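>>> please work out how this folds:
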Amino acid sequence: MTEQALEILRQGLDRLGLTYPPDAVERLALYGDRLLEKNQVMNLTAITDPEDVASLHFLDSAALLTLADLKDKTVVDVGTGAGFPGMPLKILEPSIRMTLLDSLGKRITFLQEVCDELGLQNVQCVHARAEEFAAEHRQSFDFAVSRAVANLSVLCELCLPLVKAGGYFLSMKSVESDEELESAKKAIKTLGGQVERTADYQIPGTEVVHRVIFIKKIAETPKKYPRPFAKIKKNPL
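Now for the predicted structure:
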């Protein structure tokens, strides 16, 4: 990572008002370096400028820590991809017991290598389809988070079964997500969830505004969910 990228990162974290371990920026920088190196041989991110990685990946992920108390919580990042938001959350708040879940083995291998190099504890890097993992780990997590681009109805069926009653699914979306949220309300109710609130935030140092949808788990998800992914995609709830 360039010196300018590190400065963007430090200033942004300060503007978010976060407290974090003294080695967190150094660890994020190493993660960023490994991400951009690996991206030359494998498609991990369309964002390849180090300064943009610092703001649009790291600070965007970090903003979640200002909106939800994840300290000492079990968190699953569904469809983590290159590790967002899960890796920055774990580096900045080491007490999180984090599971990084993705269906592409190469991504999970990369994340495991980075976790090993950084010496991160209490991180599980899991190669599995979300619906299969959810069937085996029902109601195991305090929080499910996802920055995946899938439709909210689909994400809810993959994520809410994983969440304990009283826990939350935090869906990171665009501020243009009103219509998507409205169309997902039936699915959310069916799966035992309830929309508690939405929170819009600006990524420090940018004009970019994103949204987190807070979906609280208020009842058990019926056993028949999640369905096989082909059915979820063909007939969203």
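>>> can you spell out which helices and strands pack onto the one helix or strand residue 90 maps to?
Taking DSSP states H and E as the criterion, residue 90 maps to helix 86-92. Judged by 3 or more C-beta pairs under 8 Å, 6 or more residues apart in numbering; DSSP states H and E, helix 86-92 is in contact with helix 24-38, helix 60-62, helix 64-67, strand 74-78, strand 97-102, helix 105-118. C-betas here are computed from N, CA, C, even on glycine.
>>> quick one: residue 11 from residue 58, how far?
12 Å (C-beta to C-beta, to the nearest Å).
>>> more neighbours: the two, which one.
residue 58 (29 against 15; other C-beta atoms under 10 Å).
>>> thinking that one is in contact with residue 9, fair?
Yes. Between residue 58 and residue 9 a contact is recorded at 5.9 Å, counting by C-beta atoms under 8 Å.
>>> who touches both of those two?
Listed as contacting both residue 58 and residue 9 by C-beta atoms under 8 Å, 6 or more residues apart in numbering are residue 28.
>>> now do stretch 12-28, average pLDDT.
For stretch 12-28, mean pLDDT rounds to 97.
>>> OK, contacts around the closest residue to residue 67 other than its chain neighbours?
Leaving aside its sequence neighbours, residue 67 sits nearest to residue 199 (C-beta to C-beta, 6 or more residues apart in numbering; 5.1 Å). Residues near residue 199 by C-beta under 8 Å, 6+ apart: 67, 211-212, 214.
>>> am I right that residue 199 sits in a helix?
No. Judged by DSSP: H, G, I helix; E, B strand; the rest coil, residue 199 forms no part of a helix; its state is strand.
>>> hey, what's it bridged with?
Beta-bridge partners recorded for residue 199 (DSSP bridges): residue 212.
>>> any chance you could list what contacts the helix holding residue 90?
Contacts of helix 86-92 (C-beta under 8 Å, 6+ apart): 13, 18, 20-21, 24, 27-28, 31, 57-58, 61-62, 64-65, 70, 75, 77, 80, 96, 98-100, 111, 114, 118, 120, 123, 145.
>>> hmm, try it at 6 Å
Applying C-beta atoms under 6 Å, 6 or more residues apart in numbering, the external contacts of helix 86-92 come out as 20, 24, 27-28, 58, 61-62, 77, 80, 96, 98, 100, 123.
>>> could those residues be laid out in JSON lines, adding distance to residue 4?
Output for these, formatted as JSON lines (distance: C-beta to C-beta, whole Å):
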{"residue": "20", "distance to residue 4": "20"}
{"residue": "24", "distance to residue 4": "18"}
{"residue": "27", "distance to residue 4": "19"}
{"residue": "28", "distance to residue 4": "14"}
{"residue": "58", "distance to residue 4": "14"}
{"residue": "61", "distance to residue 4": "19"}
{"residue": "62", "distance to residue 4": "18"}
{"residue": "77", "distance to residue 4": "28"}
{"residue": "80", "distance to residue 4": "27"}
{"residue": "96", "distance to residue 4": "29"}
{"residue": "98", "distance to residue 4": "29"}
{"residue": "100", "distance to residue 4": "28"}
{"residue": "123", "distance to residue 4": "29"}
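>>> ok, those residues vs residue 173, which is closest?
Closest approach between those and residue 173, by C-beta to C-beta: residue 61, at 14.0 Å.
>>> would you mark the buried spots in stretch 147-154?
Using 16 or more other C-beta atoms under 10 Å as the test for burial, stretch 147-154 gives 147-148, 150-154.
>>> what strand or helix carries residue 41?
Using DSSP H and E, no helix or strand contains residue 41.
>>> measure it to residue 129 for me?
24 Å.
>>> which of these two has more neighbours?
Between residue 41 and residue 129, counted using other C-beta under 10 Å, the more crowded position is residue 129 (15 against 8).
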